[in-house]
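1. need a structure here:
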Amino acid sequence: MIHELRTYTLRPNKADEFLKLTRKVGFEIRTKHSKCLGYWTTEIGDLNQAVHLWEYENFAHRTQTRAALAEDKEWEKKFVSLARKCHIRQESAVLIPSDVWPFAPGSGNGIYELRYYRLYPGKVGEWLEIFGKGLPARAKYSKPVGVWSSELGGLNMVYHMWGYADLQARADIRKLAMADPTWTETVKGLGPLMLEMNSKILIPTSFSPMR
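-> Below is the predicted model of the structure:
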């Protein structure tokens, strides 16, 4: 199983237009070809972005899906030709779900936090091992939706996603977690392996499967 994380940065005056077009036209056509796991907009971090996560059985399945989309005249005429006018740029990363925590689509969450870290080359395996050992301590307070490493796109990257009721719930849970000595030691062990850390707060769209 592989997941593709796609991030579209939208023109500020076209963001609502793009989301309306996606909701009314594009999403139904696109999901005939492969499974969408979640579709969000950014609330904190880089703004005016649509972030969506797609699932494929393997790379061959993704290749077949992209080929089918290219041949789908309805997709091109009714959606892509209009949607591209709303884009500033598009980014894609192919992610491998990690064995340290099984992917568990969230539900009942008002917000999601996507955290993504760039590591020193060759440190992804070590980072995941340390993170995985400490994760049961962190999961006492809230459980992750998924943990991934990057395969294509930005390399030497790890990603993890968390669901929360709202920003205050996030703050309260993280305060509890950071007071846990096991998790604190885990975080200390992870720090020297990382070059940079990033986070986005995501709001599920009305049509997102993960809400």
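
2. where does this structure dip in pLDDT?
-> For the chain, not a single residue meets the criterion pLDDT under 70.

3. okay, domains of it per the record?
-> 2-95, 108-198 (automatic domain parsing).

4. quick one: end-to-end length of stretch 105-118, please.
-> 24 Å (C-alpha to C-alpha, to the nearest Å).

5. what's next to it, contact-wise?
-> 37-38, 40, 43, 51, 127, 145, 154, 156-167, 170, 194-204, 209-211 (C-beta atoms under 8 Å, 6 or more residues apart in numbering). Quick note: C-beta positions are derived from backbone N, CA and C, even for glycine.

6. just the ones of these in strands?
-> Among the contacts of stretch 105-118, the members found in strands (DSSP state E) are 37-38, 40, 43, 51, 145, 157-164, 194-204.

7. which stretches of the chain form helices?
-> With DSSP state H applied, the chain shows helices at 15-21, 27-30, 59-71, 73-75, 81-83, 124-138, 167-178, 181-190, listed in chain order.

8. let's have the ones you listed in TSV, adding mean neighbour count.
-> Listed next are the helices of the chain as TSV, based on neighbours: other C-beta atoms under 10 Å:
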stretch	mean neighbour count
helix 15-21	17
helix 27-30	18
helix 59-71	13
helix 73-75	13
helix 81-83	15
helix 124-138	18
helix 167-178	14
helix 181-190	16
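
9. can you redo these as CSV with distance to residue 117?
-> Formatted as CSV, the helices of the chain follow (distance: least, C-beta to C-beta, whole Å):
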stretch, distance to residue 117
helix 15-21, 27
helix 27-30, 29
helix 59-71, 24
helix 73-75, 34
helix 81-83, 30
helix 124-138, 8
helix 167-178, 16
helix 181-190, 8
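
10. wait, which of the ones you listed is closest to residue 100?
-> Ranking these by proximity to residue 100 (C-beta to C-beta) places helix 124-138 first, at 3.1 Å.

11. residues in contact with that closest one?
-> 98-101, 117, 119, 144, 147, 149, 156-158, 160, 177, 180, 182-183, 185-187, 189-190, 193-194.

12. what's near enough to touch residue 202?
-> Taking C-beta under 8 Å, 6+ apart as the test, what residue 202 contacts is 40-43, 51, 111-114.

13. what about residue 63, distance to residue 8?
-> Note on residue 63: its distance to residue 8, by C-beta to C-beta, to the nearest Å, is 21 Å.

14. before we move on, what about residue 183?
-> From residue 183 over to residue 8 the distance is 34 Å, taken as C-beta to C-beta.

15. over to residue 172?
-> Distance from residue 172 to residue 8, by C-beta to C-beta: 32 Å.

16. for residue 96, give the beta-bridge partners.
-> When bridges are called by DSSP bridges, residue 96 pairs up with residue 149.
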